[in-house]
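Visitor: sequence and predicted model, in that order:
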Amino acid sequence: MALRMFEESDHAAAYLRYRMTPEEVVTRIMDFMKPKVEKKFNLAVDVGCGCGQGTVLLAPFFDQVVGTDISPAQLDVAQANSARPNVTYRQCPAEELPFEPNQVDLLVAMTAAHWFDRQRFLKEVDRVLKPGGCLALLSYATNDLELEYGDATSALNKICEEFSAVLQPFRHPLASASTSKIYLELFESCSYTDKEWNGRLRATRTVTVNSYIGMVETLAIYQIFKQQDPAGAKLLSDNIRNKLLGAMQVSSPETELTMVIKYFYMLARKP
């Protein structure tokens with residue numbers, strides 16, 4: 001991953017605390033792989049692994065799982081919180097992976113591939129995957145998150161839309177197109193014929209108001225705003241938090257509600 005972002009230690013720690021883990025998509029990935037191979041798989045690689053939340057989800061299915069990232073801060077958090085003996089981490093770009101040709105059973109990137117040099121990355125994927133090995137890329141649209149809390153649901157989502165609208169001018173150029181469009185283009189660019197696209201997999205998580213705000217604050221779009229205007233970013237977070245609490249008619253930012261995430265993903269098998 002040649003683009004250097006998410007490298008501050010506080011930001012990496014916030015990733016671990018607030019980002020959601022895509023268990024539902026990992027289940028779909030393994031269902032896609034299992035019909036072709038009866039025995040346990042050898043090696044999975046999670047590219048752009050960040051703090052390793054998604055990496056450890058692969059551990060039960062593989063002899064070895066390696067998470068790779070270009071950020072030392074993210075990898076420090078991942079290693080400090082890894083209790084799986086078959087999970088290790090390596091620092092490297094997504095386009096230059098430290099594996100031999102035809103070595104990898106599964107290569108996955110979870111909410112990371114939009115930061116890669118996409119054509120170089122696909123070439124590297126083809127180099128390291130075994131024949132029959134699988135590529136899985138997944139993400140979600142950060143401007144399509146929803147909150148649910150009884151009769152306040154409609155009001156909450158108008159507030160979410162307001163949060164997203166204020167942040168839109170701070171989108172990074174590499175993510176200026178809609179994220180789903182970027183992944184669909186990756187799907188179409190992949191030369192493998194055995195492949196699947198899923199445009200929307202709905203997942204729900206119980207979160208608090210504070211953890212929803214914290215999750216949004218980990219996004220690149222918010223971090224760019226924060227770098228340019230720290231006071232303005234804090235004011236925005238505080239304002240959105242207060243509006244959410246008002247709509248819910250509660251006083252505690254630790255009040256729980258439901259967050260809806262809409263994942264999209266591609267799966268492809270190397271011939």
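Guide: Okay, I see it.
Visitor: C-alpha from now on. contacts and neighbour counts both.
Guide: Will do.
Visitor: low-confidence regions, the stretch 151-271 of the chain specifically.
Guide: Residue ranges of the stretch 151-271 of the chain with pLDDT under 70: 173-177.
Visitor: apply 90 and report the result again.
Guide: Applying pLDDT under 90 to the stretch 151-271 of the chain flags residues 168, 170-181, 199-200, 218-221, 223.
Visitor: can you give me the helices in it?
Guide: 153-167, 179-189, 209-218, 220-228, 230-248 (DSSP state H, counting those that start in this stretch).
Visitor: how near is Phe99 to Asp76?
Guide: 21 Å (Cα to Cα, to the nearest Å).
Visitor: who has more neighbours, the two?
Guide: Each of Phe99 and Asp76 has its neighbours counted (other Cα atoms under 10 Å); Asp76 has more, 17 against 13.
Visitor: residues in contact with the residue nearest the centre of the chain?
Guide: In the chain, the residue lying closest to the centroid (Cα atoms, centre = their mean) is Thr111, at 2.7 Å. Residues near Thr111 by Cα atoms under 8 Å, 6 or more residues apart in numbering: Leu137, Leu138, Ser139, Tyr140.
Visitor: narrow these to those in helices?
Guide: Among the contacts of Thr111, no residue falls in helices (DSSP state H).
Visitor: which single one of those residues is nearest to Lys34?
Guide: Using Cα to Cα, Leu137 comes nearest to Lys34 of the contacts of Thr111, at 17.4 Å.
Visitor: number of nearby residues for that closest one?
Guide: 25.
Visitor: ok, what's across the strand from it?
Guide: Judged by DSSP bridges, the bridge partners of Leu137 are Ala109, Met266.
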